[in-house]
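> Below is the sequence, then the predicted model.
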Amino acid sequence: MDRLLIRGGKKLNGTVEISGSKNAALPILVATLLTDEPCILHRVPNLRDVRTTLKILEYLGKKTTYQNNTVTVEANGKLKNDLPYELVKQMRASFWVAGPLLARFHEAQIPLPGGCAIGVRPVDIHLKGFEKMGASCQTESGNVLIRAEKLNSAKIVLRFPSVGATQNLLMCACLVPGETVLENVAKEPEIDDVIAFLNKMGANIHADDKGRLIVHGVNALHGAEHTVVADRIESGSYMLAAAATRGEVTVKNCVPEHNAILLEDLQEAGFALDIGETFVHVHSYEGDIKPLRIRTAPYPGFATDLQAPWMTLMTLCCGTAEIDEDIFENRFMHAPELVRMGADIATEKSLARITGVKTLSAAHVQASDLRGGFALVMAGLCANGETEIERVYHIDRGYENLEEKLTRLGADIRRYNPDRDDF
Ligand code: UD1
């Protein structure tokens, strides 16, 4: 398995170009199941999760081609309406095929995605919504069978504004006759991008002044072409890496307003930023990093996906910072690894207390999840000496061309595979 070797202590310097959003690309790819006509998607990041989603589409009966970040999805015979566990266990987002398959075939059989490293991650909100639309959901031998004689429009109030459930229910509601109203929905920019794509396909979705999503069902959707929105999590990750290494970096082709809270927090911590329409320039800053207390929350709150990289920045603060992780119950696995690199972090339940240290030191560490993995990369970039990171496959799920982008910013980072390469 691949590892990363990072010789730290260099400030990042230069410009980094942001890729298309993983968390928008995945549901948009899944939404192509709602039509038999061809769909063309641009700015699709070349990531493990995207390749898994293409495998899922192929398994279900689509033909996909992927070249230079453009994906074409076409019909290739009759679609299936079940998924094998092999595919679902690779990526929880596979469960999102349930909505489009239920809408089209009134029946879908999908293995329940289990928990994952960052928490239990149930799908009850998805299933409750399907039930409101007239489906029955039965679990047998680890599979959930979702079936409906007839689907009906409904008013669905989500117990929590889940990103996945909002997308899944939206995709289903597009083809359900009548007016479906979704309330307490997720407001992440990725949801807006999915809605933009669905409307291009002929769906009729709009948000009302109370923030509810109103879906007028249509008979069929058609093919569409779409460019995926910039990845705000990748953007934020590079801003944080620039800040932590005290570097001078322009993060290009992003949407700064999607990172509004992070930008405020970075400025409050001491960093000067130039914020344009499509870029953020992080100025080099040698002063004290102010400790802050942040709390993760649904958008527009502080993104849980940026909590781990933020923690790495705070390991170098001047005083004691705090993080409340309010979205996932077990999302501090990077903390003990950061401690191995010299950080001073105490965690208790959903609270992490981080007392700043002068420097981090290189160590042999393991990535335990995607964003926690990036937090370790950041720590490696800051630390004196050579850091070795194992289980890089987690990081590969979400950061396109990571080494190339960091190398262009002046980092000393390389990938190797101990079973294959000599070092
Ligand atoms: C998506 C993102 C992930 C991000 C998360 C929160 C993708 C591929 N993943 O994940 O990167 O960290 O949003 O912004 O886009 N929950 C339930 N029941 C449900 C569904 C969710 O209890 O039916 C809970 C989860 O356990 C979790 C919280 O709600 O505690 C948030 O989950 P959700 O917003 O659904 O996250 P995902 O869509 O899985």
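Arrived safely, thanks for sending. Residues are numbered from 1 along each chain as shown.

> In the stretch 251-400 of the chain, what residue spans correspond to strands?
Ranges of strands in the stretch 251-400 of the chain, per DSSP state E, counting those that start in this stretch, are 273-275, 279-282, 293-295, 320-324, 344-348, 351-355, 364-366, 386-390.

> show me where the stretch 251-400 of the chain has helices.
Using DSSP state H, counting those that start in this stretch, the helices of the stretch 251-400 of the chain run over 260-269, 307-314, 334-340, 370-382, 393-396.

> can the ones you listed go into CSV with extra columns for mean neighbour count and mean pLDDT?
To be clear about C-beta, it is placed using only N, CA and C from the backbone, and glycine gets the same treatment. Shown next, in CSV, are the helices of the stretch 251-400 of the chain (neighbours: other C-beta atoms under 10 Å; pLDDT from 0 to 100):
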stretch, mean neighbour count, mean pLDDT
helix 260-269, 18, 98
helix 307-314, 28, 98
helix 334-340, 21, 98
helix 370-382, 29, 98
helix 393-396, 19, 95
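
> Write out the residues of the stretch 151-300 of the chain neighbouring the ligand.
Selection of the stretch 151-300 of the chain residues close to the ligand by C-beta under 6 Å from any ligand atom yields F160, S162, V163, G164, A165, A186.

> The last one: what secondary structure?
When the structure is split into helix, strand and coil by DSSP: H, G, I helix; E, B strand; the rest coil, A186 lands in coil.

> Check the offset of stretch 217-228 from the chain's centre.
The chain centroid and the centroid of stretch 217-228 are separated by 23 Å, computed with C-alpha atoms, centre = their mean, to the nearest Å.

> ends of that stretch, how far apart?
Its start and end residues considered, stretch 217-228 measures 24 Å (C-alpha to C-alpha, to the nearest Å).

> quick check: mean pLDDT across that stretch?
Stretch 217-228 comes out with an average pLDDT of 98.

> buried residues in that stretch?
Neighbour counts using 16 or more other C-beta atoms under 10 Å place G217, L221, G223, A224, H226, T227, V228 of stretch 217-228 among the buried residues.

> so can I have JSON lines of those residues showing secondary structure?
Below are the buried residues of stretch 217-228 laid out as JSON lines (three-state DSSP):
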{"residue": "G217", "secondary structure": "coil"}
{"residue": "L221", "secondary structure": "coil"}
{"residue": "G223", "secondary structure": "coil"}
{"residue": "A224", "secondary structure": "coil"}
{"residue": "H226", "secondary structure": "strand"}
{"residue": "T227", "secondary structure": "strand"}
{"residue": "V228", "secondary structure": "coil"}
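
> and the two most separated of the residues you listed?
Within these, G217 and T227 form the most distant pair, 26.5 Å apart (C-beta to C-beta).

> follow-up on the earlier one: a markdown table for the strands of the stretch 251-400 of the chain, including distance to L47?
Putting the strands of the stretch 251-400 of the chain into a markdown table (distance: least, C-beta to C-beta, whole Å) gives the following:
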| stretch | distance to L47 |
| --- | --- |
| strand 273-275 | 27 |
| strand 279-282 | 22 |
| strand 293-295 | 27 |
| strand 320-324 | 26 |
| strand 344-348 | 29 |
| strand 351-355 | 27 |
| strand 364-366 | 20 |
| strand 386-390 | 18 |
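
> Pick the most buried one from the ones you listed.
strand 279-282 (a mean of 21; mean count of other C-beta atoms under 10 Å).

> Work out the sheet partners of that strand and label each with its direction, please.
Using DSSP bridges, strand 279-282 pairs in its sheet with strand 248-252 (antiparallel), strand 273-275 (antiparallel).

> Counting neighbours, what do you get for the nearest residue to K78 once chain neighbours are set aside?
Among residues not flanking K78 along the chain, G61 sits closest, at 6.1 Å (C-beta to C-beta, 6 or more residues apart in numbering). G61 has 15 neighbouring residues, counting by other C-beta atoms under 10 Å.

> Over to A272?
11.

> looking at the residues of the stretch 151-300 of the chain next to the ligand, which has the most residues close by?
Neighbour max across those (other C-beta under 10 Å) = A165, 27 neighbours.

> what's next to the strand or helix carrying that one, contact-wise?
Using DSSP states H and E, A165 maps to helix 163-173. With contact meaning C-beta atoms under 8 Å, 6 or more residues apart in numbering, helix 163-173 is reached by 23, 27, 30-31, 34, 92-93, 95-96, 98-100, 102-103, 123, 125-126, 129-130, 133, 151, 153, 156, 158, 180, 182, 185-186, 188, 190-191, 194-195, 198, 205, 213, 215, 217.

> change it to 7 Å
Residues from elsewhere that reach helix 163-173 (C-beta atoms under 7 Å, 6 or more residues apart in numbering): 27, 31, 34, 93, 96, 98-100, 102-103, 125-126, 129-130, 133, 156, 158, 180, 182, 185-186, 188, 190-191, 194-195, 198, 205, 213, 215, 217.
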